[in-house]
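Model the following, please.
(one chain, ligands or ions: 1)
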Amino acid sequence: MKEITREEAEKRIKWLRDEIRRHNYLYYVLNKPEISDEEYDKLMDELRELEEKFPELITPDSPTQRIGAEPSKEFRSIKHLKPMLSLDTARNEEEVRAFHKRIVKELGVANVDYVAEPKLDGLSVEVIYENGKYVLGSTRGDGIEGEDVTENIKTIRSVPLVLRSDEIKIPKKIAVRGEVIMHIKDFEEFNKELIERGEEPLANPRNAAAGSLRRLDPRETAERPLDIFFYEIMHYEGDDLKIETHWEALSILKKLGLKINPLVRKCESIDEAIEYHNEMEKKREKLEYEIDGVVIKVNKMEYQEKLGSKTRSPRWAIAYKFPPRKEETEIVDIVVGVGRTGILTPVALLKPVDVKGVTVSRATLHNEDYVRQNDIRKGDWVRVARAGDVIPEVVEVIKEKRTGKEEEFSMPDKCPVCGSHVIKEGAYYRCTAGLSCPAQLKRSIEHFASKNAMDIEGLGGKTVDLLVENELIKGISDIYKLKKEDLLSLPRFAEKSAENLINAIEKSKKKGLARLIYALGIPNVGEHTARLLAKKFGSLDKLMKATETDLMAIREIGPETARSIVNFFKEKKNLEEIEELKKFGIEMEYERKKGKLEGKVFVFTGALKNFTREEAKEIVEAEGGTASNTVSRNVDYVVVGEKPGGKYAKAKELGIKIINEDEFIKMLGMKE
Ligand code: IVH
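I've put the predicted structure just below:
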């Protein structure tokens with residue numbers, strides 16, 4: 001970055017913060033992102049850099065300040081502005097109709113309209129903004145008092161630190177309620193990491209969200225992929241705004257930049273609300289997060305007030321729950337699987353059972369302790385539950401059905417796949433053979449080739465199994481030794497499919513450093529961390545030389561991750577594989593994404609509508625271009641605002657491309 005005065009930095013910082021907030025809003029609230037992750041990262045990087053240069057310009061509401069608070073010893077207790085109520089539940093249509101009947105009777109009206117929303121299975125929180133700034137976040141606790149988790153909630157990227165004011169006047173104070181959740185995919189990923197680290201996996205996304213939010217060190221919360229949906233305005237202090245319906249409240253939340261659930265629906269009758277429940281029950285399977293029912297709320301605030309509340313729940317809302325996804329079946333056998341990192345996992349093989357539309361025939365038993373604590377035996381009758389796409393789980397043993405023939409389970413002392421020695425690490429057993437164990441090799445190759453890693457289409461589980469079993473692959477780098485003829489010798493391949501796979505392998509060589517780091521399968525290094533490492537170190541060689549201290553200097557990397565990275569690059573076998581990969585020409589350098597105006601020279605003349613001259617120049621530079629003051633033959637574009645001066649004439653004379661401000665904005669891909 002070229003030298004920049006404090007004044008220029010101040011302007012640029014303001015522009016960057018507004019721009020980042022706008023993109024957050026587009027991404028999280030409207031679900032219509034305009035830029036890629038890389039472009040977003042670039043804005044953040046520039047902001048960080050400027051703030052590092054001018055630390056006095058840092059404000060707590062800057063997008064860079066989400067993470068960084070010191071760990072606390074315990075959470076302060078916080079009294080909520082108003083009690084955070086719970087909900088009465090209905091388990092069937094009849095109970096919902098009874099709820100409606102009571103309401104129309106009490107109100108003395110013929111009909112009421114409702115708002116129906118997904119009932120999110122997460123953790124309820126209160127968030128307070130004063131004059132548009134995020135000031136407090138707390139858990140529900142017992143409804144009256146919760147815990148002050150301000151710094152933790154602040155790390156959730158979908159929680160704005162500043163409210164939007166372009167459509168609505170910012171209230172003096174507003175307290176809103178929402179649900180913190182973890183997406184199913186993130187939960188599964190997170191559980192996998194826990195297992196790799198030798199820690200206990202968590203039972204469901206809700207527990208994972210709750211545990212993540214309540215970390216005493218907010219930096220740990222920041223590492224967890226949490227999300228939020230807001231669904232209530234609990235308190236509002238501001239002039240001239242009368243909220244007449246809940247539907248309006250939701251729209252206000254959205255206008256303020258607070259993410260609401262896109263599936264909320266206005267229902268004109270209780271029939272519509274019931275129909276909504278049935279629709280959502282079907283849709284549930286396809287959602288990225290867990291819902292356990294729908295919430296039906298009386299829409300009119302006047303009615304809500306008339307109906308009032310009981311001690312723990314409002315009389316104007318009801319949770320219409322879905323039936324539990326649990327079924328009974330028998331454990332036919334307990335086998336032991338070996339994962340990518342060598343961890344042995346007991347798996348129950350079940351007599352196939354239909355759990356709400358999905359046939360379940362296996363359930364993870366996590367580890368030996370889980371089997372012991374729940375006293376799960378081969379031959380037992382059990383209840384299995386399925387939560388979204390989450391791996392089915394044995395939730396309880398039906399002991400009354402025991403016949404005495406059930407067999408207790410114990411972990412094998414040798415790897416069931418390769419027979420190597422097994423060691424115990426905490427609650428887990430691990431095969432010590434590394435990549436010479438076929439199971440570990442197979443799963444490592446599969447991971448290396450997976451979509452978010454090197455993205456080798458056609459190299460999925462079954463093909464990998466074949467290649468390993470036929471000894472065509474003995475290590476990761478062997479993927480690049482494969483020839484079409486090798487593939488044609490296997491049952492799954494024909495001319496075309498073999499060719500496609502060879503092409504996909506070739507293409508994977510240029511996927512970039514971040515994907516390669518992720519693909520290597522370093523314990524604790526997920527996609528996000530891999531991207532951070534690629535950006536920070538720029539090449540695999542540099543990363544391989546990094547010490548734990550170097551790694552921990554990166555804000556989002558903790559001691560555990562640092563240690564596992566250093567250990568990974570100490571392993572002789574890993575170093576040999578990397579050396580081989582190098583020989584095949586796999587890209588190992590980080591290529592900075594080029595700006596949109598890379599290499600282009602701009603001159604501005606006349607008054608601009610959307611930026612000051614200085615801002616326009618900074619944008620050009622941030623996008624890799626140069627801004628010049630004088631028109632010469634080196635200039636690519638002259639941007640003409642209102643009342644242009646002599647530069648315009650000069651540009652015409654030299655035949656330089658002349659564009660207006662709108663065209664300039666278009667080049668940037670910004671829509672104003
Ligand atoms: S409204 C007075 N709306 O369900 C309003 N709650 O079983 C009370 N929940 O503690 C809450 N999704 O954590 C409401 N769309 C939604 C919700 C929702 C999930 C949770 C909330 C509450 C629990 C009650």
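
And stretch 642-659, end to end?
End-to-end distance for stretch 642-659, by C-alpha to C-alpha, to the nearest Å: 12 Å.

Give the buried residues for that stretch.
644, 647-648, 650-651, 656, 658-659 (16 or more other C-beta atoms under 10 Å). In this view, the C-beta of every residue, glycine as well, is placed from N, C-alpha and C.

Please determine how far Trp247 is located from Asp113.
Using C-beta to C-beta, to the nearest Å, one obtains 9 Å as the distance from Trp247 to Asp113.

The closest residue to the ligand within the stretch 301-450 of the chain: neighbouring residues, count only.
Relative to the ligand, the nearest point of the stretch 301-450 of the chain is Pro314 (4.5 Å; C-beta to the nearest ligand atom). Burial measure for Pro314: 17 neighbouring residues, criterion other C-beta atoms under 10 Å.

Let me see the contact set for it.
85, 87, 304, 307-308 (C-beta atoms under 8 Å, 6 or more residues apart in numbering).

what does Glu548 give?
So Glu548 contacts 559, 562-563, 566 (C-beta under 8 Å, 6+ apart).

of those, buried ones?
Restricting those to buried positions leaves 562, 566, with burial counted as 16+ other C-beta under 10 Å.

Is it possible to get TSV of the contacts of Glu548 that adds distance to the ligand?
Compiled in TSV, those are given as follows (distance: C-beta to the nearest ligand atom, whole Å):
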residue	distance to the ligand
Pro559	34
Ala562	36
Arg563	37
Val566	42
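
Spit out the residues that contact Trp247 and Asp113 alike.
266, 299.

what's the distance between Lys306 and Val180?
Lys306 is 31 Å from Val180, by C-beta to C-beta.

about what we covered before: please identify which two of the contacts of Pro314 are farthest apart in space.
Leu87 and Gly308 (14.7 Å; C-beta to C-beta).

who's more crowded, the two?
For the pair Leu87 and Gly308, the greater number of neighbours falls to Leu87 (18 against 10), based on other C-beta under 10 Å.

pLDDT wise, what is the closest residue to Leu575 other than its chain neighbours at?
For Leu575, ignoring the flanking residues on the chain, the nearest one in space by C-beta to C-beta, 6 or more residues apart in numbering is Phe569 at 7.0 Å. Note for Phe569: predicted pLDDT of 95.

Find the centremost residue of the chain, please.
Nearest to the mean C-alpha position of the chain, by C-alpha atoms, centre = their mean, lies Pro225 at 4.4 Å.

Tell me which residue of the stretch 501-650 of the chain lies closest to the ligand.
For the stretch 501-650 of the chain, C-beta to the nearest ligand atom, closest residue to the ligand: His528, 27.2 Å.

can you tell me how far that residue sits from Ile502?
31 Å.

Same check on Lys481?
Taking C-beta to C-beta, one finds Lys481 at 11 Å from Ile502.

where's Pro346, which helix or strand?
strand 344-355 (DSSP states H and E).

what's across from whichever residue of the stretch 1-150 of the chain sits closest to the ligand in the sheet?
Residue nearest to the ligand within the stretch 1-150 of the chain: Ser124 (3.1 Å; C-beta to the nearest ligand atom). Beta-bridge pairing for Ser124 (DSSP bridges): Glu179.

The one 4 residues further on too?
With DSSP bridges as the criterion, the beta-bridge partners of Ile128 are Leu136, Ala175.

Count the neighbours of it for me.
Neighbours around Ile128, by other C-beta under 10 Å: 20.

That one reaches Val135, doesn't it?
Yes. With contact defined as C-beta atoms under 8 Å, Ile128 counts as touching Val135 (5.4 Å).

which ones are touching Leu136?
Counting by C-beta under 8 Å, 6+ apart, the residues that Leu136 touches are 78, 126-128, 148, 150.

Kindly reformat those residues as JSON lines containing pLDDT and distance to Met544.
JSON lines is the format used below for the contacts of Leu136 (pLDDT from 0 to 100; distance: C-beta to C-beta, whole Å):
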{"residue": "Ile78", "pLDDT": "91", "distance to Met544": "47"}
{"residue": "Glu126", "pLDDT": "97", "distance to Met544": "46"}
{"residue": "Val127", "pLDDT": "97", "distance to Met544": "43"}
{"residue": "Ile128", "pLDDT": "97", "distance to Met544": "47"}
{"residue": "Asp148", "pLDDT": "94", "distance to Met544": "42"}
{"residue": "Thr150", "pLDDT": "94", "distance to Met544": "39"}
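
okay if I get the residues you listed as a markdown table plus distance to the ligand?
Formatted as a markdown table, the contacts of Leu136 follow (distance: C-beta to the nearest ligand atom, whole Å):
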| residue | distance to the ligand |
| --- | --- |
| Ile78 | 16 |
| Glu126 | 11 |
| Val127 | 13 |
| Ile128 | 17 |
| Asp148 | 18 |
| Thr150 | 19 |
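
residues making contact with the helix or strand hosting Asp333?
Using DSSP H and E, Asp333 sits within strand 326-338. The contact list for strand 326-338, computed with C-beta under 8 Å, 6+ apart, reads 344-355, 360, 365, 371, 376-385, 394-395, 398, 409, 411-412, 415-417, 431, 437, 439-440, 443.

Can you give the strand pairings for that strand, parallel or anti for each?
By DSSP bridges, strand 326-338 pairs with strand 344-355 (antiparallel), strand 381-385 (antiparallel).

and among these, the most buried is which?
strand 381-385 (a mean of 20; mean count of other C-beta atoms under 10 Å).

dump the residue contacts of Ala453.
Taking C-beta under 8 Å, 6+ apart, one finds 447, 515, 518-519 in contact with Ala453.

Wait, a strand at it?
No. Counting by DSSP: H, G, I helix; E, B strand; the rest coil, Ala453 is not part of a strand but coil.

any idea how far it is from the ligand?
Relative to the ligand, Ala453 is positioned 35 Å away (C-beta to the nearest ligand atom, to the nearest Å).

Ile517: neighbouring residues, count only.
25.

how about a markdown table for the strands paired with strand 326-338, with mean pLDDT and distance to Glu51 added?
Converted to a markdown table, these look like this (pLDDT from 0 to 100; distance: least, C-beta to C-beta, whole Å):
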| stretch | mean pLDDT | distance to Glu51 |
| --- | --- | --- |
| strand 344-355 | 91 | 45 |
| strand 381-385 | 92 | 47 |
